[in-house]
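Enquirer: output the structure for:
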Amino acid sequence: MRATDKLFAGSIPDIYDGLLVPLIFERYARDLAERIAVTRPQEVLETAAGTGVLTSAMASRLPADGRIVASDLNQPMLDRAARRHNLDGRVTWRQADALALPFDDQSFDIVACQFGVMFFPDKVKGYKEVRRVLRPRRRFFFSVWDRLVENEFAETVNDAVAAFLPKDPPAFMARTPHGYHDVGKIRNDLTAAGFSDVSIEAVAHVSKAPSPREPAVAFCQGTPLRNEIEARGASLEGATDAAAAALAKRFGKGPIEGRIKAHVIVATA
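Expert: A predicted model of the protein is given here:
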């Protein structure tokens with residue numbers, strides 16, 4: 001992983017929240033929140049909360065006295081979340097590094113992380129931190145994306161941008177969001193961190209967009225792929241146009257649909 005893979009700043013949070021969240025994150029947030037709500041937790045920690053899609057989904061499903069601490073490494077993402085979701089009294093927004101959580105041992109009933117562990121530079125260390133702050137026999141709920149080929153919009157954009165920059169193709173999409181999909185590796189990392197009773201379920205959905213332009217902008221301008229494009233001195237609009245053209249060629253010029261697939265993991269401390 002490169003340092004820029006974790007950098008969500010500038011206009012990225014707004015584009016991410018406005019386009020990428022409804023495109024690929026909302027359905028998984030509802031699914032994960034429902035799984036968590038069944039346990040009726042009182043104190044929940046969310047890591048890599050981003051712009052708060054899972055936070056909001058959990059807040060609407062938890063008991064009235066349930067409380068959430070939603071944390072993220074990137075303060076601009078939390079700022080967007082706080083503006084976007086009216087969750088005062090239910091949620092505390094907190095900037096924090098998931099590999100060095102600023103919380104006491106055994107402070108939470110549940111730790112949740114939607115599509116964030118892929119960004120941990122040291123997965124086992126991050127899992128050990130989760131286990132440290134969980135109360136005994138409580139659970140860690142999280143999700144990761146499956147392989148790039150199983151996520152058709154992301155794959156198409158990745159290939160289009162690589163063709164647009166053939167001398168030094170950006171590899172962010174394959175390297176990070178879709179780079180931690182081996183369920184055997186995930187299970188081994190959790191075991192190494194001290195977790196037990198690990199369950200992993202593949203969950204597939206269909207992603208829909210009103211036109212090819214929206215996912216092109218979402219991925220090229222609303223993720224750290226943007227950082228890689230700009231670092232090469234390339235035209236961001238040119239890369240976005242290339243991605244939109246590739247999406248139109250594969251899926252059509254009107255409303256489009258593509259497969260998305262992830263793994264949902266539950267582990268017991």
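
Enquirer: what about the residue lying closest to Asp122 once chain neighbours are set aside, which SS state?
Expert: In space, and not counting its chain neighbours, Asp122 is closest to Leu99: 6.3 Å by Cβ to Cβ, 6 or more residues apart in numbering. For the C-beta atoms, the positions are set from N, CA and C on the backbone; glycine is no exception. At Leu99, secondary structure determined by DSSP: H, G, I helix; E, B strand; the rest coil is coil.

Enquirer: from what I can see Leu99 touches Lys125, true?
Expert: Yes: here Leu99 reaches Lys125: they are 5.3 Å apart, a contact under Cβ atoms under 8 Å.

Enquirer: could you report the pLDDT at the residue nearest to Asp122?
Expert: You'll see Leu99 listed with a pLDDT of 96.

Enquirer: now Gly89
Expert: Looking at Gly89, its pLDDT stands at 76.

Enquirer: which of the helices or strands spans it?
Expert: Assigned by DSSP states H and E, Gly89 belongs to no helix or strand.

Enquirer: now do it against Glu26, distance only.
Expert: Noted for Gly89: a distance of 23 Å to Glu26, by Cβ to Cβ, to the nearest Å.

Enquirer: for Arg250, same thing?
Expert: Relative to Glu26, Arg250 is positioned 23 Å away (Cβ to Cβ).

Enquirer: same thing with Ile256?
Expert: The gap separating Ile256 from Glu26 is 17 Å, by Cβ to Cβ.

Enquirer: in terms of neighbours, single out the busier of the two.
Expert: Each of Ile256 and Glu26 has its neighbours counted (other Cβ atoms under 10 Å); Ile256 has more, 22 against 16.

Enquirer: dig out what the more buried one forms beta bridges with.
Expert: For Ile256, the beta-bridge partners are Ala209 (DSSP bridges).

Enquirer: so what's it up against?
Expert: Contacts for Ile256 (Cβ atoms under 8 Å, 6 or more residues apart in numbering) come out as Lys208, Ala209, Ser211, Pro212, Pro215, Leu247, Ala248.

Enquirer: a markdown table for the residues you listed, including distance to Met173?
Expert: Output for those, formatted as a markdown table (distance: Cβ to Cβ, whole Å):
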| residue | distance to Met173 |
| --- | --- |
| Lys208 | 20 |
| Ala209 | 17 |
| Ser211 | 21 |
| Pro212 | 17 |
| Pro215 | 12 |
| Leu247 | 14 |
| Ala248 | 19 |
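
Enquirer: those in helices, which ones?
Expert: If you go by DSSP state H, those have Pro215, Leu247, Ala248 in helices.

Enquirer: how about low-confidence regions in the stretch 1-150 of the chain?
Expert: 1-7, 9, 88 (pLDDT under 70).

Enquirer: assign the residue lying farthest from the centre of the chain to helix, strand or coil.
Expert: Most distant residue from the mean C-alpha position of the chain: Lys167, 28.8 Å away (Cα atoms, centre = their mean). Under three-state DSSP, Lys167 falls in the coil class.
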